[in-house]
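Chemist: Give me a 3D structure for the following:
(chains A and B)
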Amino acid sequence: MSELLVELLSEELPANVQAAAEEQFASILCKELSDAGVPMGELHRGSTPRRLVVAIEGIPTVLPARNIERLGPKTNSNEKIISAFLKATGSQKTNLSTKNTSKGECYVLNKVVQERETKQVLAVVIDKSIREMSWKKSMRWGSTTFRWARPLKSISVVFDGKAVEGAFDLGNGTNLEYTNQSVGHRFLNPESFCITDFAQYKNELALRHVVIDRNERKSIIYNDAQRIAEAQGLHLNEDNDLLEEVAGLTEWPIVLLGQFEERFLNVPPEVITTSMKANQKYFSLKKENGGLSSNFIFAAGTVTEDGGKTVVVGNEKVISARLSDALFFWSKDVSVPLIDRVQNLQTLKFHNKLGSMYDKTQRVAALSKAIARKLGADVSLVQHAANLSKADLTTSLVYEFPELQGIVGYRCALQQGETPIVAEAIRSHYAPLGPSDACPKEKTAATIALADKIDTLTGFFSIGEIPSSSRDPFSLRRTALGMVRILLENNIDYDLSEGIALSSELYSAKFPEGIDDFMRDRIRSTFLERGLPEDVISSVLNNDKTNNVSRLFERGTAIREFMKTPEGAKLLAVATRVRKILPKDWATKEYATSSKLLASDYDVRMCGMLAKMTLQFPVLDYGAKLQRLSETETTVTEFFENVRINDDNVSIRENRIGMLIWLQRFFDDVGDLKAIKARAPSCDPTRPASHSSSNTSSLDKN
Amino acid sequence: MQDSKKLRCYQDIILGLQKYWGSKGCALLQPYDMQMGAGTYHPATVFRVLGGKPWKAAYVQQARRPTDGRYGENPNRLQMHHQFQVVIKPSPANSQELYLDSIKEIGITPALHDIRFVEDDWESPTLGASGLGWEVWCDGMEISQFTYFQQMGGLECSPVTLELTYGLERLAMYVLDVNNVYDLPYNNSGLTYGDVYLENEKQMSAYNFEHSNPQKLFLHFNDFEETCEELLKKRLPIPAYEQCVLAANTFNSLDARGVISPQERQAYIGRVRNLAKACCETLLKANP
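Modeler: Numbers count the residues shown, from 1 in each chain, chains lettered A, B, ... in the order given. You can find the predicted model right below:
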């Protein structure tokens, strides 16, 4: 068995596409090899800014003859289909045999592929694999027409220790001949070397200042950064995205420590770390006491003659220039009170059709006020914080770093003597920004966060900007999920539909179409994620058109828990029996009931039970309601087994139906129980809910 | 810094780059005698990246960015800085190596510095131009833009042109280890960059932010646009393009006065782009 190695050497690929490209190339190559009938063993792969490499062991040098079976149309297909198949495969009807398949009898074309040397198929497979690669952004270069993420410089193909002949056509008469050579680090080892296999390739590269394995580069950077930080008595602020990116910016990471002047620590720490990360790809460090350190860590890409001294000095200069800009902006920004910035929001668009950020602020403040009243939050505090919530959008720092919205406002607010509650509300009213982001917990912040999101969602829906499965440019899904989470995680008793209705009024718009379904989908997925089974969610949502998320969830949880007990099955059974017997028109038609029409003891008992429940129900929690409903089983069973619902006397019949409707309303109060699927049989050995023959027969019983 | 011994002043850097790119077959052109936002606007780039004929040129161009003016008070920001621009069509196979050799000429060697190619896809909405490439980092500082032109004036570039843009002031400050642009030695006879440009920065900042006349500028913009369109009808894309450049610069001046709202902004950029596109199309029709 032999090994195949393919290396694609290019000019520097963007850091954020390398890992995916490595994976894509490996999977395409494997698929193409497998389609060509090449058996494969262990796979190795790697990538750096300049290369993608895939090596596959366990490939035989000779591919034995094999039979390829191609399934054709069914034998009873019409002639057109059959002749199309013949044409597509270049075969005659006499070549076809038949085979019984699950679809019926089909034509089959058997083709024998002769034994051949593996290397004969490799050139074609590799050519195809390279062309199959897809990039988010690709380009042409020179006079050629082939597109790649950056210019492709060389293709090395080695099989069984030897070069594979072939060439890649870049278009316009330019070929890249396959080679068995590669090169080392761009500056430190530009000389070429021969490749024989992956192990040797990896070693040769390591000697030539290239670590081909991404994860290995990541751990080098991480471990060295930890070590350097510790030596300084500092803590590394870990950042996986940054680590991933930095590992894609160098083939040979050299981790170095730099420092900026202490005076820059007057700039808010979030501004410093953002500038360092976004512009310079530096890791920030924390001091023992948790404060930001003036030291930073970065990974250079080469070994220099002076041990990195010049490199460190240069980087320190760059960050100094950036931070002196930031310091200038910060002192300018903080000198203007947030309240004075609110008017300027008029010059900032929220959306072309939805007015300015000033308009949005006004709406959010009004909505916050209304919600605050509902929640018993401090209305004037909420209104004040809401009014300031977007003011930092007019600062230079947010202009430079949009991701610092909220944070700059928070820092300004604290500096300008606003209360910590107001400052925190300004900072966290954008949250949660994704599933891993924390929800605001404090009432003021949570209220504004909710109002801001309701305003955004309602606004975009009102102008028809409704997300599709592939397009959600305003992140409305995230917005809606955020709303659901804020309510749920703070156990806020509030119906979102009420907020949306109020928000629509503030926009002078109708309650937007489609918004309810959209919200319900988000509620459903959130509940699912939080452990409510699908059927339980349906049972809750089917019967309750409000979007009071906390109450819905509470009810779902009660149902889920109850269904785990033996009483759960009892409840479903009795609910099913009652439902099946109700006439179709029960929900709309009036069925009069009267104590005078209680024709038997069973009627009396039934009526007594219902009357008692009517008194009890309002004060019971969902769990107790479910328990109480399951306890109706004895009375209901007795009732069904001993009276004939369809009594010849219409009044008595209607009275019985009326009582069952009464009972049905209690069931409906906890949920749509018919949506619930019977749990595992061990829970309910006696009577599965779907088994309904005994129920229907009771109609005819005397 | 040991490696930059032979370079002592700002003009040494320009001379070094000119000498190097001249030796690589580039025509050493002069700045275009009009105000423009970047070296890319020079017809030696805009027009020459179109069509199939090979082209190699290098030149310095003043880049006017009215909003970046700081009255000469900021050590790094200027309303007019200088770019050294290189365009080579088709882009050579050894483009990166040629570039790396060029910075060695001005004292930046990989033996001492950490040089990296960091993704930066370039786009000019006003020119309808775009390309893929990198910003080149030297010890964490962006010292050049490196672009493979894919489109100009909305037209596909084929063959592809290599465009290199060096920010001269920033590069000089780094190589000569000077922290304030106005302290840069301009030549070897004691003249500083401040001696040459400080007063210019002060007065031009005052003009850009305080004394330009927005009403007149709006009228000028319309005039330039109209003239450009008339010239295009007469199949004179070169003078038409000059009107387009004037319109683009007028837009920048208006932007610096903060009189263009965000929605209008897009509309103005679109109007300039339409002119640029029409100029490119007309030129290409005449000289395919």
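Chemist: Tell me the residue of chain A that sits nearest chain B?
Modeler: Nearest residue of chain A to chain B, counting by C-beta to the nearest C-beta: residue A:314, 2.6 Å away. In this view, the C-beta of every residue, glycine as well, is placed from N, C-alpha and C.
Chemist: For the residue of the stretch 1-150 of chain B found nearest chain A, grab phi and psi.
Modeler: Nearest to chain A, among the residues of the stretch 1-150 of chain B, is residue B:139, at 2.6 Å (C-beta to the nearest C-beta). Here is the backbone geometry of residue B:139 (degrees, to the nearest 10): phi 50, psi 40.
Chemist: excluding its backbone neighbours, what's nearest it?
Modeler: residue A:314 (2.6 Å; C-beta to C-beta, 6 or more residues apart in numbering or on different chains).
Chemist: Check which helix or strand residue A:154 maps to.
Modeler: Element membership of residue A:154, judged by DSSP states H and E, is strand A:152-159.
Chemist: strand partners of that strand, parallel vs antiparallel please.
Modeler: strand A:2-10 (antiparallel), strand A:162-163 (antiparallel), strand A:174-179 (parallel) (DSSP bridges).
Chemist: ok so the residue of chain A closest to chain B is a helix residue?
Modeler: Yes - counting by DSSP: H, G, I helix; E, B strand; the rest coil, residue A:314 is part of a helix.
Chemist: That one: how many residues sit nearby?
Modeler: As a burial measure, residue A:314 scores 23 neighbours (other C-beta atoms under 10 Å in any protein chain shown).
Chemist: What residues does it make contact with?
Modeler: Listed by C-beta atoms under 8 Å, 6 or more residues apart in numbering or on different chains, the contact set of residue A:314 reads B:113-114, B:138-141, B:174.
Chemist: Greatest separation within those: which pair is it?
Modeler: Of all pairs drawn from the contacts of residue A:314, the greatest distance, 12.7 Å, lies between B:114 and B:174 (C-beta to C-beta).
Chemist: who's more crowded, the two?
Modeler: Applying other C-beta under 10 Å to residue B:114 and residue B:174 shows that residue B:114 carries more neighbours, namely 26 against 23.
Chemist: which residues does the more buried one contact?
Modeler: A:300-302, A:304, A:308, A:311, A:314, B:137-140.
Chemist: Filter these down to just the ones in helices.
Modeler: Of the contacts of residue B:114, the ones assigned to helices by DSSP state H are A:311, A:314.
Chemist: Select only the buried ones of the contacts of residue B:114 in ChimeraX?
Modeler: In ChimeraX, a selection of the buried entries from the contacts of residue B:114 looks like this (16 or more other C-beta atoms under 10 Å in any protein chain shown):
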select /A:300,301,302,304,308,311,314 /B:137,138,139,140
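Chemist: Go ahead and confirm residue B:22 touches residue B:58.
Modeler: Yes - counting by C-beta atoms under 8 Å, residue B:58 is a contact partner of residue B:22 at 7.1 Å.
Chemist: For the two, indicate the residue with more neighbours.
Modeler: Between residue B:22 and residue B:58, residue B:58 has the larger neighbour count (other C-beta under 10 Å), namely 24 against 13.
Chemist: Provide the contact partners of stretch A:219-226 at residue level.
Modeler: A:211, A:236, A:243, A:246-247, A:253, A:255, A:283, A:297, A:299.
Chemist: mind running it again at 10 Å?
Modeler: Residues outside stretch A:219-226 that contact it (C-beta atoms under 10 Å, 6 or more residues apart in numbering or on different chains) are A:211, A:213, A:235-238, A:240, A:242-243, A:246-247, A:250, A:252-257, A:283, A:285, A:297-299.
Chemist: Just the residues you listed: which are in helices?
Modeler: Checked against DSSP H, the contacts of stretch A:219-226 include these in helices: A:240, A:242-243, A:246-247.
Chemist: Skip the chain neighbours and tell me the closest residue to the spatially most central residue of chain A.
Modeler: For chain A, the residue nearest the mean C-alpha position is residue A:435 (7.5 Å; C-alpha atoms, centre = their mean). Nearest residue to residue A:435, sequence neighbours excluded (C-beta to C-beta, 6+ apart): residue A:481, at 7.6 Å.
Chemist: Assign a three-state SS to the one you found, would you?
Modeler: Under three-state DSSP, residue A:481 comes out as helix.
Chemist: Distance check, it against residue A:465.
Modeler: Per C-beta to C-beta, to the nearest Å, residue A:481 is found 17 Å from residue A:465.
Chemist: These two - which one has more neighbours?
Modeler: residue A:481 (20 against 17).
Chemist: List the residues that contact the more buried one.
Modeler: By C-beta under 10 Å, 6+ apart, residue A:481 lies in contact with A:432, A:434-435, A:453, A:475, A:522-523, A:525-526, A:529.
Chemist: Run through the residues that contact residue 18.
Modeler: I went with chain A, as the question did not name one. Contacts of residue A:18 by C-beta under 10 Å, 6+ apart are A:12, A:46-52, A:149, A:214, A:244-245, A:247-249.
Chemist: ah, no, chain B please
Modeler: Contact analysis of residue B:18 by C-beta under 10 Å, 6+ apart lists B:26, B:28, B:58-60, B:84, B:105.
Chemist: Check the secondary structure at it for me.
Modeler: helix.
Chemist: And residue B:143, by the same measure?
Modeler: The three-state label given to residue B:143 by three-state DSSP is strand.
Chemist: per-residue pLDDT, it?
Modeler: Looking at residue B:143, its pLDDT reads 95.
Chemist: ok, it - how many residues close by?
Modeler: Count around residue B:143 with other C-beta under 10 Å applied: 20.
Chemist: That one contacts residue B:174, correct?
Modeler: Yes - with contact defined as C-beta atoms under 10 Å, residue B:143 reaches residue B:174; the gap is 6.8 Å.
Chemist: Mutual contacts of these two, please.
Modeler: In contact with both residue B:143 and residue B:174: B:106, B:108, B:113, B:167, using C-beta under 10 Å, 6+ apart.
Chemist: For the stretch 101-250 of chain B, which segments count as strands?
Modeler: B:115-119, B:122-124, B:129-138, B:141-152, B:155-156, B:162-167 (DSSP state E, counting those that start in this stretch).
Chemist: Can you pull up the residues of the stretch 151-288 of chain B that come close to chain A?
Modeler: The stretch 151-288 of chain B comes close to chain A at residues B:156-162, B:170, B:173-174, B:177, B:179, B:258, B:261-263, B:266, as judged by C-beta under 10 Å from any C-beta of the partner chain.
Chemist: any idea which of the strands paired with strand A:152-159 is most buried?
Modeler: Ranked by mean neighbour count, the strands paired with strand A:152-159 are led by strand A:2-10 with a mean of 22 (mean count of other C-beta atoms under 10 Å in any protein chain shown).
Chemist: what angle separates the following helix or strand past that one from strand A:2-10?
Modeler: For strand A:2-10, the succeeding helix or strand toward the C-terminus, using DSSP H and E, is helix A:18-35. Per axes from the mean of the first three to the mean of the last three C-alpha atoms, to 10 degrees, the angle that helix A:18-35 makes with strand A:2-10 is 140 degrees.
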